[in-house]
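>>> just coords:
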């Protein structure tokens, strides 16, 4: 049988309130639609650009915990003027509401251009400083917000996708979320516990921090929300 999953009561209630009889079917339907949307983008680009190859840009982490490649994927455009190059498939899936954002430090701008996570954390004095230094991150957040306002893809008001992919992953593996969070819409330099993510209701406002990087942000003046020192220590221990 399934192992019990120890979650705070507030998070248990949040997840139960989202559940319904066809939640899994909705997830399957939207996953298939996202796959179809990506395949259509690829075919259109290949036909219009006359290419049949990809260009992959990697950041700090090249693989996730499941062994999957983490990359920004583009059609090959080396012969296309920079001003005319098409955005990555990642960005265009966000534009259409076919995918959720999942911004993870230090794999997103403005951090991935820094020499190390230490340098990246040092430049992050506040959520607004992070956004000010990254037009691409601002654009990605705006794309998701517009997709929500227009009811595109997973934000279809008539049949919304109830669970985000990361929620299904931690529920399936029977372990709480482990990455800490920054609210990109906030003014304060505060880091939330992993299970406090419902306090940031919009996915585009969440910047996820692997626990090993949280001390770097604390050295840059960030504080942990509430009395979380012991929780932080246990989370880091669980990751090692």
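Noted; the coordinates are in hand. What you are looking at is a predicted structure, and each value in this text was computed from that prediction instead of being measured.
>>> what mean pLDDT would you report for the longest helix anywhere in the chain?
Taking DSSP state H as the criterion, the chain has its longest helix at helix 23-49. Confidence over helix 23-49 (mean pLDDT, whole number) is 96.
>>> Can you list the buried residues in that helix?
Residues of helix 23-49 classed as buried: 26-27, 30, 33-34, 37-38, 41, 45 (neighbour count, 16 or more other C-beta atoms under 10 Å). No exception for glycine: its C-beta is placed from N, CA and C like everyone else's.
>>> Give me the helices and strands touching it, please.
Other helices and strands packing on helix 23-49, by 3 or more C-beta pairs under 8 Å, 6 or more residues apart in numbering; DSSP states H and E, are strand 72-75, helix 89-95.
>>> Redo those as JSON lines? Include mean neighbour count.
Listed next are the helices and strands packed on helix 23-49 as JSON lines, based on neighbours: other C-beta atoms under 10 Å:
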{"stretch": "strand 72-75", "mean neighbour count": "18"}
{"stretch": "helix 89-95", "mean neighbour count": "19"}
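>>> Format these as TSV; extra columns: distance to residue 21.
Formatted as TSV, the helices and strands packed on helix 23-49 follow (distance: least, C-beta to C-beta, whole Å):
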stretch	distance to residue 21
strand 72-75	35
helix 89-95	28
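>>> Can I get these in TSV including mean pLDDT?
Formatted as TSV, these follow (pLDDT from 0 to 100):
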stretch	mean pLDDT
strand 72-75	95
helix 89-95	97
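>>> Which of those sits closest to residue 123?
Residue 123 sits nearest to strand 72-75 of all the helices and strands packed on helix 23-49, at 20.5 Å, using C-beta to C-beta.
>>> just to revisit the earlier point, would you mind pulling the contact partners of whichever helix or strand comes after the longest helix of the chain?
Downstream of helix 23-49, the next assigned helix or strand under DSSP states H and E is strand 54-57. The contact list for strand 54-57, computed with C-beta atoms under 8 Å, 6 or more residues apart in numbering, reads 69, 71-78, 88.
>>> all strands of the chain, in order?
With DSSP state E, the ranges of strands along the chain come out as 54-57, 72-75, 103-104, 180-183, 190-192, 206-209, 223-224.
>>> Same list as before, those that is, but in JSON lines and with distance to residue 133 included.
Below are the strands of the chain laid out as JSON lines (distance: least, C-beta to C-beta, whole Å):
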{"stretch": "strand 54-57", "distance to residue 133": "18"}
{"stretch": "strand 72-75", "distance to residue 133": "18"}
{"stretch": "strand 103-104", "distance to residue 133": "14"}
{"stretch": "strand 180-183", "distance to residue 133": "14"}
{"stretch": "strand 190-192", "distance to residue 133": "18"}
{"stretch": "strand 206-209", "distance to residue 133": "13"}
{"stretch": "strand 223-224", "distance to residue 133": "21"}
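>>> winner for burial among the ones you listed?
When the strands of the chain are scored by mean count of other C-beta atoms under 10 Å, the highest mean neighbour count falls to strand 180-183 (a mean of 24).
>>> ok, the spatially closest residue to residue 139 that is not a sequence neighbour - contacts?
Leaving aside its sequence neighbours, residue 139 sits nearest to residue 91 (C-beta to C-beta, 6 or more residues apart in numbering; 7.5 Å). In this structure, residue 91 makes contact with 139-140, 143, judged by C-beta under 8 Å, 6+ apart.
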